[in-house]
Structure formats: C-alpha cells, structure tokens
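1. Prediction below, plus the sequence it came from.
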Amino acid sequence: MTKQSSKWLKDLNPEQKEAVQIIKGPMLVLAGAGSGKTLVITRRIAYMQSKGIKPTSILAVTFTNKAANEMRERLADMIGQAAQKVTLSTFHSLGLMMLRTELARRKKSSRFVVYDTADQLACLRELNRRIRLGRSFDLGAILGRISAYKNAFLEPKDVCPTEDEYDQAAAVFYPAYLEAMQAYAAVDFDDLICLPTKMMEKSEACRKRWSTRFRHVLVDEYQDTNGAQLRMLRGLAGKHRNLCVVGDDDQSIYGWRGAEVRNILQFEKDFPGCRTIYLMRNYRSVASVLTLANQVISQNENRHPKKLLPTRQSGERVKIVVSEDGESEAVWVAERVAQLVEDKRYKFSQVAVLYRSNLLSRTLETAFRSNRIPYRVHGGQSFFDRKEVKDLIAYLKYCANPADSISLRRIINWPSRGIGPTTLGRLSSWAETQDVPLFRAVGRANKILAPADRALSAIAGFNALITKTRRTLKGGVALANSVTKLVEQIDMHEEINKACESGKEVERRWESITDFIDGLKAYAKNKPKASLRDFLSQISLNELEEDSADESGNRATLSTLHGAKGLEFPLVFIIGLEEGYLPHDRVLNPHATDVQSGDIAEERRLCYVGITRARDELVLTRADKRLVNGKFRERAPSRFITELPDDILEVDDLTQALAPQDARKKLAEIKALLNN
DNA sequence: TGCTATGTTATTTTT
DNA sequence: TAACATAGCA
C-alpha cells in the first residue's frame, strides 16, 4: 500500500477502515448516529483519489445542500483543489444538471423554470377554476397524490381508481396538471428526478453516458431516498455496480414525503453480493444519552436490530422536566440556558432546543429574547418564501420564461395597475381558445379587448416594463443593477408601505428586498458567468448559501427535529414530549386528506434522532397543559417516555416543586422583598 | 375596483 | 390564536 493511501486509513476503527478501503462493487454502510459517517465518506473519496480514481468520475449525493457544502469543505481540507472536481450535490440538483445537459445535447430549449410547492399549488388553483368538482378540495392533498403518482412513474392512464374521493379528484387533476406544467415550461421537484431517469431508461446511450461519467457513486442518508431515486441510481450505477450507500434505517424520518425505508432494508436484495458494514461505535454522546437512545428505538419493530456502542464515559442521567404550561416550559429552558452559559459551562453556540413542530418555536423565541439569549431559528419560513421576495422573483421568472403564466398572473396586477380579474379573464379565455400561452394574449391585448378599454394602456405599460427589464437581465454583474431598477420602477417601497400596518413591518419587509438584492450581488460576484435562469433554479432548490457571517456567530440554535438531522450539540433540549406532539397529533388522528397515514414508528425514530444529537447533556421537557388552537388543553406525557423503564430518566416536576408550607415560605419571602 | 369586516379554518415535517 | 379567504359594501 502506498503511503498516500494509508494516510486516509489512519485512526479509523476496523469497520470504518473496511468501509473506506473497499471501493469496488455495491456496499451498504449502516452507520448509527455519531459513528463518524461523514468522516468515512470523505475519507473514502480521498482514498479513492489516492488509488488513482479521477475525482471527476466520483459522484456523491447528499440529502440537503447544506450537507453537500459541508462535505465539500471537509473534503477540501483533505485533498485540496481536487475536491472541486468531485460531483457533490443533492439528488435534485443532480437531476437538474442532467436534464439541462441532455436537453442541450438534443438541441432542445432548456428555457424551463423550476416550480416550488407554492407555484405548484398556484397552478392547481388555476386548474381548479376550470375543473370545478362539486365540492372544494384541499389542493395540497391533491398535490401530494400527484407527487406520489409521479414518483411511481404512473401515467394518468395508469392511475387506478379507488373509493377515496381525494384519489378520484387527484386522478382528474393529474392529466390537467401535467398539461399545464408543459404549457408553462415548468418542471417540479419530482420531475427533476423522474425526467432524467426516464431518459436513461429510454435510451441506453444516454444511460451509458452518465454511468461512464460517474464510475463511482456514493449516496448519503440512503434511508431517505424514494422509489424514483432508487430508479435513478439503478440507471447510474446498475451496470458498474460501484455504488456505496450510507444510512441508518433508525433515522428514516421522511416517510411522509415518499421516502422508502424499504430501500435501505432491501439494498442487499437490490444489489446482490453487496458488502454490508455496521458502524455502531458512537463517538459523539456520553453513555447515558446512548442508553436512552437505545431504549427508545428498541421499541420499534421492522428494523435491523442493533445498538449504539458507547465510547465515552457515562455522563449524567437524562432529565425530564415537567412544567405547568407551554410558556413556563419555554421560560424554564431560556433561564436554564442563560444560567449555564453564565456559569461558563457552555457557549450559546453549543446549545440547541429541538421541537416537533414549528409552532413551538414562537413561545421559545419570546422567552429567549426576554432573557437576551442570541439565537437563530433553523428551518421555518425561508427568506425566499416571504411574500415580497416571491413577488420580485415572479418578475424575474416571467422575464426568464414568458410561458410561465403562474408568475405572470402573480405580477400582472401587482402593484395594482388596473388589470383586474375581468380583464385577466378575457385575456386568458382568448389564450385558451387559441391554445397559446397567456403572454401572447397580453402581447396582443389591443386586438382582444375593446378599443376603449381602460386596461389597455395599463397593459401597454406593463409590457414595456417587462421588455425593458428583460433586455437588461442578461446575467452577470448587471443582474443586480437591473433588479434594483425594476424595484424602483414598480415603486416597491411604496407598495410595501401601503400593505403594512406599522412602520416596523415596512422596515422588515423592505429589508427583505434589499437583502435579496445584496444576495444577488454576491451571487453575481461569485459566478460572473451565471445566467438569470441559473440563479432562479438555485433559489428554487434552496441552493444559495445563507449569509455565512452570522453562522459563525455565538448563538443558540432553535430547530425542528427534522431540521436537526445530521447536526450535533454539546447541550440539547427537546421540548414538548407529549402525546400530540411526539407522536404528533396528525399521526394519532389521521385526516382524510393525508396521502398516507403516518406511523408511530417514524415518530419514535424522530425522537431517537433528537436524542442522538446530544454530546454531553440532554434535557427533555413537557408541559401539563398547553395552549393549542387558542384553547388550553391537558397534555399527557409522550408514550416514548412512559414506555421506558423507570430508572432511565430523572424526573424534575416543577409543578410539584413547592409543597404547601414551602410555597407559604416563598410567598413570605417575596412579600418581604416587595416591602424593601 | 378596492377595501374592510367578518367568518372560517386549520394548524408536521421540506428537497 | 392567527392567518387567510370571501363576501359585502363604498
């Protein structure tokens, strides 16, 4: 073995070594939480390179862009420049890249835009006007079903009729949706996986191109892949079989959006002769945390039975703190954090508070603010989801792709310029009968509307604005300038002014716009060659890095349990350990609209993921009652706690903290204080 | 056409 | 509770 190669095996345990060293053929790495998974993946790539494999022939797929960036950084620390040559991306950006490349190859236009969920819903809303099924449907539920059809590669004609009325509605919407998306020249997230996969399945030459380009494929978080992604992998790596997947069935938490745990449980069947490696030594958490984690997850069935093995000392017993209500829970956590930081036990940045639902972050934020604890909320509403930013993006999308009627509808009367529903209705029915995109009608409005129509001049103004903007939007550094101009021309500031109640609100919203333009500037500076369309797809795929300046700041993290996947913190709080949150109410009482009913096992895995984020100290909390939908409700402790052996948790019941005589004493103390 | 008031209605997780 | 939609009114 060369010196170069052995360098990448240093300080690894035997299983890790094996996972790094065997680079040919299919491999399944079952990597428990905190078992050095990222280390193994990056070392493996470095090792491959040292063995003469070209970095350009390596593809590593991760679940989120953040994970991809992180991995690239760690890889760059190891192999420097060569790290840039490795293709490291999410399934979705990989699919987009493949799609663009293939279309260019076939000399077809790649003038499409990527629709995010909000755009998809707008598209369905549009169709809903036309389709008008007897009653109103939850369009989100329909969208979920359409997504399921797509991921199963079902054509509208293949959709089997069922009794469920949502299934029936979705079957009606499905062909219309496909048609509309085609007309808008738009693709959705599912298309980014399915279209390139279909291309590979249809054309052996195409499949070969990609599987030769990527001779070695690595997939992280394999437990979160869905059926379509498996099919994509089959196309890429089915022949050369140099496919290494890494994951943990116990951390599968995206079943609700179509992830198939089955993929990881059956990998050995899908790729016979595969090597399976267990990474079960945990280097992250103290033993007490691992005991709890193992206990919680062992209640699940249908899993590879396994246990995390501690390598660190025992640590303190995990506490469960019981508060009176949600507010006192949040206050207790905030005060505790403040105390521990003041005692120099932790820095703010070492602390995370995790919860099942975003709803719970509100009270927490209030409590943190009043305790002057700096924090950042991970997840939640994204910057690009804010209304004003979305409006601005709609302008850009329309400029990039006039066929995008959804964006056109969004902006044609925003800010209001007197092009109301009546006018729009006339234009769109003309477009529909002529079977052309809406923008054609907008372009020829003077032929369609009555000559005296007051909307005509408004439309002319709108068209002029777009033409002018489009000319300047060619990309590069000029991008930010022309967006600034656009913002001035539509007088966005005034528009925001009108829409807001308070001056503070105006300030906040206006800041989003300036932030957006700043982001655009930074982007153009980084990638001077990038086009407007590149920029837009990066936004849809969440690929833009957030400002890294405040990431390094010393702040506590508030995050959903889902958002915390892959992260670790010395001190972790998990709040709301109650029936209704963990497991979530939606799982206990499924709705008729749900595509698939969730399952308790996934909720338990979510709990497990949360627990295993903690390095040194873990605190669980719950409240006896809580404000739910504006009403106080009694809350029962989570079954994930009550099903555990008694001695595993230390109970700290704040509601029982004061016996009556103590309470009287306390009261006297307070009175004395007041009298002073 | 736009605004306001009223009612309604849902409240999980996100590439 | 609060966000959102729709109907009704100016």
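-> Looks like it arrived, so ask away.

2. C-alpha from now on. contacts and neighbour counts both.
-> Will do.

3. Would you pull up the residue in the stretch 151-300 of chain A closest to DNA strand B?
-> Per CA to the nearest atom of the strand, residue A:256 is where the stretch 151-300 of chain A lies closest to DNA strand B, at 5.3 Å.

4. That residue: what secondary structure?
-> Each residue gets one of three states, and residue A:256 gets helix by DSSP: H, G, I helix; E, B strand; the rest coil.

5. ok, the nearest residue to it once chain neighbours are set aside to residue A:641 distance?
-> Nearest residue to residue A:256 in three dimensions, chain neighbours excluded: residue A:598, at 6.4 Å (CA to CA, 6 or more residues apart in numbering). Between residue A:598 and residue A:641 the distance, using CA to CA, to the nearest Å, works out to 20 Å.

6. repeat for residue A:105
-> Going from residue A:105 to residue A:641 by CA to CA gives 57 Å.

7. So those two - more neighbours on which side?
-> For residue A:105 versus residue A:641, neighbours defined as other CA atoms under 10 Å are more numerous around residue A:641 (18 against 10).

8. That one: which element?
-> Counting by DSSP states H and E, the element that carries residue A:641 is helix A:639-642.

9. per-residue confidence averaged over that helix?
-> Averaging the model's pLDDT scores along helix A:639-642 yields 93.

10. what does it rub up against?
-> Residues from elsewhere that reach helix A:639-642 (CA atoms under 8 Å, 6 or more residues apart in numbering): A:296, A:577-579, A:582-583, A:604, A:607.

11. Take the residues you listed and, keeping just the buried ones, write it as a PyMOL select command.
-> This is how PyMOL selects the buried members of these, with burial counted by 16 or more other CA atoms under 10 Å:
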select buried, chain A and resi 296+577+578+579+582+583+604+607
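
12. Now do the buried residues in the longest helix anywhere in chain A.
-> Ranked by residue count under DSSP state H, the longest helix found in chain A is helix A:503-526. Buried positions in helix A:503-526, judged by neighbour count with 16+ other CA under 10 Å: A:506, A:509-510, A:512-513, A:516-517, A:519-521, A:523-524.

13. Show me what the helix or strand following that helix packs onto, helices and strands only.
-> The element immediately downstream of helix A:503-526 (helix or strand, assigned by DSSP H and E) is helix A:532-540. Judged by 3 or more CA pairs under 8 Å, 6 or more residues apart in numbering; DSSP states H and E, the packing partners of helix A:532-540 are strand A:113-114, helix A:387-400.

14. who's in contact with the residue nearest to residue A:151 when sequence neighbours are not counted?
-> Closest residue to residue A:151 in three dimensions, ignoring its sequence neighbours and counting by CA to CA, 6+ apart: residue A:228, at 5.2 Å. Applying CA under 8 Å, 6+ apart, one finds that residue A:228 lies in contact with A:151-153, A:193-194, A:197.

15. On the three-state scheme, residue A:218 is what?
-> Secondary structure for residue A:218, judged by three-state DSSP, is strand.

16. Residue A:316 is in what secondary structure piece?
-> Here residue A:316, judged by DSSP H and E, is contained in no helix and no strand.

17. I'd guess residue A:109 is in a strand, am I close?
-> No. Applying three-state DSSP, one finds residue A:109 to be coil, outside a strand.

18. got the contact list for it?
-> Listed by CA under 8 Å, 6+ apart, the contact partners of residue A:109 are residue A:103.
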